[in-house]
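Colleague: Predicted model follows, preceded by the sequence.
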Amino acid sequence: MTAPEPQRLLIWGAGAIGGCIGAYLIRAGHDVTFVDVAAAHVQAIREGGLKIVGPIEEFTVQALAFTPDELEGQWDTVLLCTKAQDTEAAGKALAPHLTGNGMLVSVQNGLNPLILNPILGKERVLGSFVNFGADYLEPGTVTYSGRGAVVIGEQDGEFTPRARRMHALLCQFEPNAVLSPNIYGYLWSKLGYGALLFATAVTNDGIADALARPEDRELYIELGREVLRVAAAEGVRPEAFNGFDPAAFMPGASESQARASMDEMVAFNRKSAKTHSGIWRDLAVRKRRTEVDAQLGWVVEFGQRLGVPTPITARLVEQVHELEDGRRELSRSNLDELRGLLPAVQGRA
Ligand SMILES: NC(=O)C1=CN([C@@H]2O[C@H](COP(=O)(O)OP(=O)(O)OC[C@H]3O[C@@H](n4cnc5c(N)ncnc54)[C@H](OP(=O)(O)O)[C@@H]3O)[C@@H](O)[C@H]2O)C=CC1
Ligand SMILES: CC(C)(CO)C(=O)C(=O)O
């Protein structure tokens, strides 16, 4: 593939994901502007550049950075990289900066295009699924901890020139980036994997250690199944990535298939320097609200609409809220409580 022409890009949300992708694109010669509500981060980028640290490579790029109220101008290409609970506010704030026939790419976990379509018009919104590991470390610095899947696609699956152009750009960050006709298949799979990550994050165990615990295997498998039953009822064809094999959690799959996928997820996470999920970091380190409603909330809501029960997911959402509010502590006993729901769930199945 020949290197794409230098392009002018706006990255809205310059944290772990936006910062990493943006830094690589600047290094590849693109004209990237960052926008972020974290004023100290914006200031640090302006003064010392954006630093990428961690086991993959370390480098600093000089970059333009603004808070939303300072920004002027319009862009044909905008990457939205905020947490999913900030999507609506960010979508409204960035709308005046997206040209009439421009494209907004949601590079987030969750079904964010569904929130952005009414704000920006469906024809301007593309989806992207990412599973590389990164963390905002301190103002001006982001850790890139582990490579992972990067996927881009139009919502209707067409391989348009703009989707191909964006794919070529993303390949300058992750050479194995995929242009997919089924971006919602990936986003739903990430909700399945995300449910497992949320469960690991109600304990203090790292992702790999938590997913490897024999006592909790059945619980994780049932959680994955709940999400994928909803996806199947919605008519989605979920896609595999980084050890998460959706077929192993679909109706009719054997226990051993699910356990094999769990083992592969453990192996994938063992390789990453990101030991704990962003969810755990929000709860334990940054002491702030998580994306739980903007991710697992979708699963429960779609489940209710489609008549698919999601009792474990729903209880997990409540537990995460209790943790956010300081009414519960991070502990393996939270998973014991969720495991207590299994006999009733399995009796019904
Ligand atoms: N980090 C990871 O390893 C992975 C993350 N993801 C997903 O990628 C998405 C981005 O996550 P991540 O990069 O980790 O999040 P971060 O919190 O690191 O970065 C988001 C940045 O956006 C800022 N922000 C919040 N609201 C707005 C707004 N309205 N306008 C502009 N900036 C805003 C945040 O500021 P403030 O902090 O002050 O709110 C923060 O600096 C999420 O959906 C996440 O689930 C997916 C795979 C892996
Ligand atoms: C753990 C990770 C990177 C998925 O591998 C993630 O999506 C998160 O931190 O929320």
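Modeller: All right, it came through fine. As the structure is a computational prediction, the values presented were derived from the model and not from experiment. Ligands and ions are numbered 1, 2, ... in the order given.

Colleague: Every contact and neighbour count from this point should use C-alpha atoms.
Modeller: Noted.

Colleague: And this structure, what are its domain boundaries?
Modeller: As assigned by automatic domain parsing, the chain contains the domains 8-181, 188-348.

Colleague: who wins for proximity to ligand 1 among these?
Modeller: Between ligand 1 and the domains of the chain, the tightest spacing by C-alpha to the nearest ligand atom is seen for domain 8-181, at 3.2 Å.

Colleague: roughly how far is that closest one from the heart of the chain?
Modeller: In terms of C-alpha atoms, centre = their mean, to the nearest Å, the centre of domain 8-181 is found 12 Å from the chain centre.

Colleague: Turn the domains of the chain into JSON lines, columns for distance to residue 2, mean pLDDT and mean neighbour count.
Modeller: Converted to JSON lines, the domains of the chain look like this (distance: least, C-alpha to C-alpha, whole Å; pLDDT from 0 to 100; neighbours: other C-alpha atoms under 10 Å):
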{"stretch": "domain 8-181", "distance to residue 2": "9", "mean pLDDT": "98", "mean neighbour count": "20"}
{"stretch": "domain 188-348", "distance to residue 2": "26", "mean pLDDT": "96", "mean neighbour count": "19"}
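
Colleague: Can I get these in JSON lines including distance to ligand 2?
Modeller: Shown next, in JSON lines, are the domains of the chain (distance: least, C-alpha to the nearest ligand atom, whole Å):
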{"stretch": "domain 8-181", "distance to ligand 2": "4"}
{"stretch": "domain 188-348", "distance to ligand 2": "3"}
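
Colleague: Residue 76 - that's part of a strand, no?
Modeller: Yes. Counting by DSSP: H, G, I helix; E, B strand; the rest coil, residue 76 is found in a strand.

Colleague: The nearest residue to it once chain neighbours are set aside: which element?
Modeller: Leaving aside its chain neighbours, residue 76 sits nearest to residue 102 (4.1 Å; criterion: C-alpha to C-alpha, 6 or more residues apart in numbering). Assessed by DSSP states H and E, residue 102 sits inside strand 98-107.

Colleague: Name every strand pairing with that strand and say which way it goes.
Modeller: Note on strand 98-107: by DSSP bridges, its sheet partners are strand 75-80 (parallel), strand 125-130 (parallel).

Colleague: Show me where the chain has its helices.
Modeller: 16-27, 39-48, 87-94, 113-120, 161-170, 183-200, 207-212, 217-233, 255-270, 278-280, 292-306, 311-324, 332-339, 342-348 (DSSP state H).

Colleague: Residue 120 and residue 94 touch, don't they?
Modeller: No. Counting by C-alpha atoms under 8 Å, residue 120 does not reach residue 94; the two are 9.4 Å apart.

Colleague: Contacts only, for residue 181.
Modeller: 153-154, 156-159 (C-alpha atoms under 8 Å, 6 or more residues apart in numbering).

Colleague: My error: substitute residue 192 in the last question.
Modeller: Residue 192 sits next to 223-225, 227-228 when contact means C-alpha under 8 Å, 6+ apart.

Colleague: Likewise for residue 25?
Modeller: Taking C-alpha under 8 Å, 6+ apart as the test, what residue 25 contacts is 32, 169, 172-173.

Colleague: Residue 264 and residue 212: what is the separation?
Modeller: From residue 264 across to residue 212, the span is 10 Å (C-alpha to C-alpha, to the nearest Å).

Colleague: same question, residue 123
Modeller: For residue 123, the distance to residue 212 - C-alpha to C-alpha - is 42 Å.

Colleague: ok, of the contacts of residue 25, which one's closest to residue 134?
Modeller: residue 173 (13.1 Å; C-alpha to C-alpha).

Colleague: Surely the closest one touches residue 27?
Modeller: No. Here residue 173 does not reach residue 27: they are 9.6 Å apart, not a contact under C-alpha under 8 Å.

Colleague: quick one, what contacts residue 313?
Modeller: 195, 223, 226-227, 296, 299-300.

Colleague: For those, could you give me JSON lines that also reports distance to residue 253?
Modeller: Shown next, in JSON lines, are the contacts of residue 313 (distance: C-alpha to C-alpha, whole Å):
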{"residue": "195", "distance to residue 253": "18"}
{"residue": "223", "distance to residue 253": "14"}
{"residue": "226", "distance to residue 253": "13"}
{"residue": "227", "distance to residue 253": "14"}
{"residue": "296", "distance to residue 253": "22"}
{"residue": "299", "distance to residue 253": "20"}
{"residue": "300", "distance to residue 253": "22"}
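
Colleague: quick one, what contacts residue 230?
Modeller: So residue 230 contacts 299, 302-303, 306, 308 (C-alpha under 8 Å, 6+ apart).

Colleague: swap the cut-off to 7 Å and go again
Modeller: 299, 302-303, 308 (C-alpha atoms under 7 Å, 6 or more residues apart in numbering).

Colleague: same thing with residue 64?
Modeller: 33-34, 46 are the contacts of residue 64 under C-alpha under 7 Å, 6+ apart.

Colleague: make it 8 Å
Modeller: Counting by C-alpha under 8 Å, 6+ apart, residue 64 has contacts 32-34, 45-46.

Colleague: Point to the residue nearest the middle of the chain.
Modeller: Nearest to the geometric centre of the chain sits residue 109, at 2.8 Å (C-alpha atoms, centre = their mean).

Colleague: Now do the contacts for that residue.
Modeller: 83-84, 129-130, 187, 190-191, 295.

Colleague: if we go to 10 Å?
Modeller: Counting by C-alpha atoms under 10 Å, 6 or more residues apart in numbering, residue 109 touches 81-84, 127-131, 186-188, 190-191, 194, 291, 294-295.

Colleague: Great, nothing more from me.
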